[in-house]
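**Student:** Test case, fold it:
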Amino acid sequence: MRSGVLRLALILTLTPSLMAFRMPLEDGVRDKLLYDVRGAFVTARPDVPQGLVIATDMLIDEAVRSTMRPSMLPRTIISVRIDRAAPVPVVFGRRLEARVTVQAVSVSTGEPVATGSFETSVFFFGNKDADAALARKIADRVASEFRLRSGHSATITSALFEP
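**Tutor:** Below is the predicted model:
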């Protein structure tokens, strides 16, 4: 029993220091996938609500316009496509889920330089601001991936429900 208590004390003592350990990044690696985003546009399938598309486009455009880069980076334009936006049944309230594909295209060559996709969702009661909440969530994710300045601060709710 005594050795078990000593092991538990050792684990509890070492765990915080191991959790804080992080490999340092080289200076070039940190900015390797960073682009100077010059513009963005949002498209969607016909079954995606038009309000969601418009709100997402406005929020991403605001983030692009408010971002200034201190050094010269490869210039790109990002294309955001909302592939699917649908309600998901839950016991209480509603959940709206979206699948999004983002593509960065080089301004100088016109070639795609990065492509990715993600799924995100929001939980809400009622129908009042469902599209606006999902648009904000999509725009925050795109702004985070491309290190753009979003126009609003994150809330504890959006931090807890981040996929």
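**Student:** use CA for all of it now, contacts and neighbours both
**Tutor:** Fine.
**Student:** pLDDT below threshold where in the chain?
**Tutor:** 1, 14, 16-33, 126-127, 150-163 (pLDDT under 70).
**Student:** Closest to the centroid, which residue in it?
**Tutor:** Closest to where the C-alpha atoms of the chain average out (Cα atoms, centre = their mean) is Arg141, at 1.4 Å.
**Student:** Okay, and that residue sits in which element?
**Tutor:** helix 130-145 (DSSP states H and E).
**Student:** Hmm, Ala98 is touching Arg81, no?
**Tutor:** No: counting by Cα atoms under 8 Å, no contact exists between Ala98 and Arg81, whose distance comes to 10.4 Å.
**Student:** ok, the closest residue to Leu52 other than its chain neighbours - contacts?
**Tutor:** Leaving out its chain neighbours, the residue that sits closest to Leu52 by Cα to Cα, 6 or more residues apart in numbering is Asp131, at 4.9 Å. Residues counted as contacts of Asp131 (Cα atoms under 8 Å, 6 or more residues apart in numbering) are Pro49, Gly51, Leu52, Ala55.
**Student:** need the contact list for the third one.
**Tutor:** To tie it back to what came earlier, the one meant is Leu52. Leu52 is in contact with Asp131, Ala132, Leu134, Ala135, counting by Cα under 8 Å, 6+ apart.
**Student:** give me that answer again for 10 Å
**Tutor:** Shown in contact with Leu52 (Cα atoms under 10 Å, 6 or more residues apart in numbering): Val42, Ala44, Ile82, Ala85, Ala130, Asp131, Ala132, Ala133, Leu134, Ala135, Arg136, Ile138.
**Student:** in the helix or strand hosting it, what's buried?
**Tutor:** For Leu52, the host element (DSSP H and E) is helix 50-65. For helix 50-65, the neighbour count (16 or more other Cα atoms under 10 Å) marks 52-65 as buried.
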